[in-house]
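Chemist: coordinates only, sequence not included:
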């Protein structure tokens, strides 16, 4: 619920009406007609004075008896009936904040008439100011950015998972919850219950078990492996058609594939995949991808793809993929949107790439928000690359840095705003260009791919500008400024 707060300071009621008259004594020589005119004039003046006084009183004004005129109050706190004064000006701001002398929507929750609660700082009625204001099981948490109830993180839905795109928890009665370890044991039984006390032998086995329960939603909770072979990952194939599947890692379990297939492969139409808290890699330098999404939709939170020297961290083709607080490092390719696929990366980092950090191809698009994208060679197209008509890359509140900067940007349509860059071609009114020689000094360990920002990294400070819908935290879940228009650090991290 949102509502505008109207401030009438400086506005006045309609012009006051003069009600006084002066009578001069003289000889009684007037005719009857003159006397009648005088009487009529006096009566009219008295009537006008009474009417004007009544209107002024109704509007909450005070009458000046010295000057014989009526004046409007300077603020609602000076009015005779403050709330009536505000309601007459703007029904949407019908409460007088007496201390501030301003008309507002509320000063306490009871002013909201049972429709939400009062944000006492902004003096407006909203759906929530904290989780305690959210009572629905499907919408248990308050999003401080929008002040609305729902869910934005999986841990806010402890019994199921959060449908990030909908802002609602998976419905309990329609959700199958199964458990797995991130390891593959050939001697493991296929008849395990896949419960918290008897977890499945692999993530793929847990998916098969959950999908067979006939529910529209499946949650797979993955614990770290206990020896044996690393879990090789899985493909969301025909058994996941039309389902919403959440794969949620606990304590960042490692999933490692030794073949050329993707570690997590989402390739079934009408499937939504929510993947969180996993570390993905390829053993023995195998090609493939960390997460590959084709013809579906995927939401990735806190997913780290590393040690993939022959593969792509995140690939989307005819797929809408959203990354939050995720990273690709030590990979051949970072983020790749192809054939109409789209990737939105928020609070995400890319480092140590050998072919490109970000590419849009065949009409694909990549949107970077509060993200840090880097590469260390300066080779042509190594930082940004666009191939084919309609392929676009945009960056806002981000850091796009190459060192050295030679020809690292090979995407002519690329745009940046409120960001820090090394390529002068990306310069705009709200973009800061830094010399590539400065870049290593901005981060805790540039050569070691630790892109946390040093406290003294001034070029990144107060460059980003918060807009509606921006993240409320950084990659470490440290809070960001919430006010629209507030200045912030560019990139994924706040020092």
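Modeler: Here it is on my side, so go on. Here the structure is a predicted model, which means the values were calculated and not measured.

Chemist: Could you break the chain into its assigned domains?
Modeler: 32-126, 170-301, 325-495 (automatic domain parsing).

Chemist: Figure out which of these is closest to residue 152.
Modeler: Each of those has some distance to residue 152 by C-beta to C-beta; the shortest is domain 325-495, at 8.3 Å. Bear in mind the C-beta positions are built from the backbone N, C-alpha and C, glycine included.

Chemist: Can you give the distance from the closest one to the centre of its chain?
Modeler: Averaging C-alpha positions (C-alpha atoms, centre = their mean, to the nearest Å) puts domain 325-495 18 Å from its chain's average.

Chemist: what mean pLDDT would you report for it?
Modeler: Mean pLDDT, domain 325-495: 95.

Chemist: got the end-to-end distance for that domain?
Modeler: One end of domain 325-495 sits 15 Å from the other (C-alpha to C-alpha, to the nearest Å).

Chemist: any idea how far residue 471 is from residue 372?
Modeler: With distances taken as C-beta to C-beta, to the nearest Å, residue 372 is found 13 Å from residue 471.

Chemist: Please apply the same query to residue 432.
Modeler: Noted for residue 432: a distance of 21 Å to residue 471, by C-beta to C-beta.

Chemist: more crowded one of residue 372 and residue 471?
Modeler: residue 372 (28 against 20; other C-beta atoms under 10 Å).

Chemist: The closest residue to residue 128 other than its chain neighbours: how many residues sit nearby?
Modeler: Using C-beta to C-beta, 6 or more residues apart in numbering and skipping residues adjacent in sequence, the residue nearest residue 128 is residue 142, 3.8 Å away. Residue 142 has 23 neighbouring residues, counting by other C-beta under 10 Å.

Chemist: Ok, the one 3 residues further on next?
Modeler: Number of residues near residue 145 (other C-beta under 10 Å) recorded here: 17.

Chemist: can you put the domains of the chain in TSV and add distance to residue 163?
Modeler: Below are these laid out as TSV (distance: least, C-beta to C-beta, whole Å):
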stretch	distance to residue 163
domain 32-126	23
domain 170-301	6
domain 325-495	16
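
Chemist: Indicate which one of those is closest to residue 159.
Modeler: domain 170-301 (5.9 Å).

Chemist: how far out from the middle of the chain is the closest one?
Modeler: Offset of domain 170-301 from its chain centre (C-alpha atoms, centre = their mean): 27 Å.

Chemist: again, but for stretch 113-132
Modeler: 19 Å.

Chemist: Can you list the low-confidence ranges for the stretch 1-150 of the chain?
Modeler: Within the stretch 1-150 of the chain, the stretches with pLDDT under 70 are 1-71.

Chemist: how about the strands in it?
Modeler: 62-64, 69-71, 95-97, 102-104, 117-119, 124-126, 141-143, 148-150 (DSSP state E, counting those that start in this stretch).

Chemist: which one of these lies closest to residue 494?
Modeler: Judging the strands of the stretch 1-150 of the chain by C-beta to C-beta, what sits closest to residue 494 is strand 141-143, at 19.3 Å.

Chemist: In the sheet, which strands lie alongside that closest one, parallel or antiparallel?
Modeler: strand 148-150 (antiparallel) (DSSP bridges).

Chemist: what does the strand it pairs with rub up against?
Modeler: For strand 148-150, the surrounding residues in contact (C-beta atoms under 8 Å, 6 or more residues apart in numbering) are 1, 126-128, 133-134, 136, 139-143, 166-168.

Chemist: neighbours of residue 283, just the number please.
Modeler: Residues within reach of residue 283, counting by other C-beta under 10 Å, total 14.

Chemist: phi, psi of the closest residue to it other than its chain neighbours?
Modeler: Leaving out its chain neighbours, the residue that sits closest to residue 283 by C-beta to C-beta, 6+ apart is residue 258, at 4.0 Å. With angles defined as degrees, to the nearest 10, residue 258 sits at phi -100, psi -10.

Chemist: residues contacting residue 258?
Modeler: 232, 282, 283, 284, 286.

Chemist: rerun at 10 Å
Modeler: Each residue near residue 258 by C-beta atoms under 10 Å, 6 or more residues apart in numbering is listed here: 229, 230, 232, 282, 283, 284, 285, 286, 288.

Chemist: and if you look at residue 407?
Modeler: So residue 407 contacts 378, 379, 380, 381, 382, 383, 423 (C-beta under 10 Å, 6+ apart).

Chemist: Check the secondary structure at the first one for me.
Modeler: Using DSSP: H, G, I helix; E, B strand; the rest coil, the three-state assignment for residue 378 comes out as coil.

Chemist: Quickly note the distance from residue 126 to residue 120.
Modeler: Distance from residue 126 to residue 120, by C-beta to C-beta: 11 Å.

Chemist: How about residue 400?
Modeler: On the measure of C-beta to C-beta, residue 400 and residue 120 end up 40 Å apart.

Chemist: could you point out which element follows the helix or strand in which residue 353 is found?
Modeler: Using DSSP states H and E, residue 353 maps to strand 349-361. As assigned by DSSP H and E, the chain's next helix or strand after strand 349-361 is strand 365-369.

Chemist: could you give the angle of that following strand to strand 349-361?
Modeler: 150 degrees (axes from the mean of the first three to the mean of the last three C-alpha atoms, to 10 degrees).

Chemist: Give the other helices and strands that strand 365-369 contacts.
Modeler: Contact here means 3 or more C-beta pairs under 10 Å, 6 or more residues apart in numbering; DSSP states H and E; on that basis strand 365-369 packs against strand 304-317, strand 320-324, strand 327-338, strand 342-346, strand 349-361, strand 384-387, strand 392-396.

Chemist: On the C-terminal side of it, identify the next helix or strand.
Modeler: Sequence-wise, the next helix or strand downstream of strand 365-369 (DSSP H and E) is strand 372-375.

Chemist: Parallel or antiparallel, which strands does that following strand pair with?
Modeler: Here, using DSSP bridges, strand 372-375 pairs with strand 349-361 (parallel), strand 399-402 (parallel).

Chemist: Can you lay out the ones you listed as CSV showing mean neighbour count?
Modeler: Shown next, in CSV, are the strands paired with strand 372-375 (neighbours: other C-beta atoms under 10 Å):
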stretch, mean neighbour count
strand 349-361, 24
strand 399-402, 30
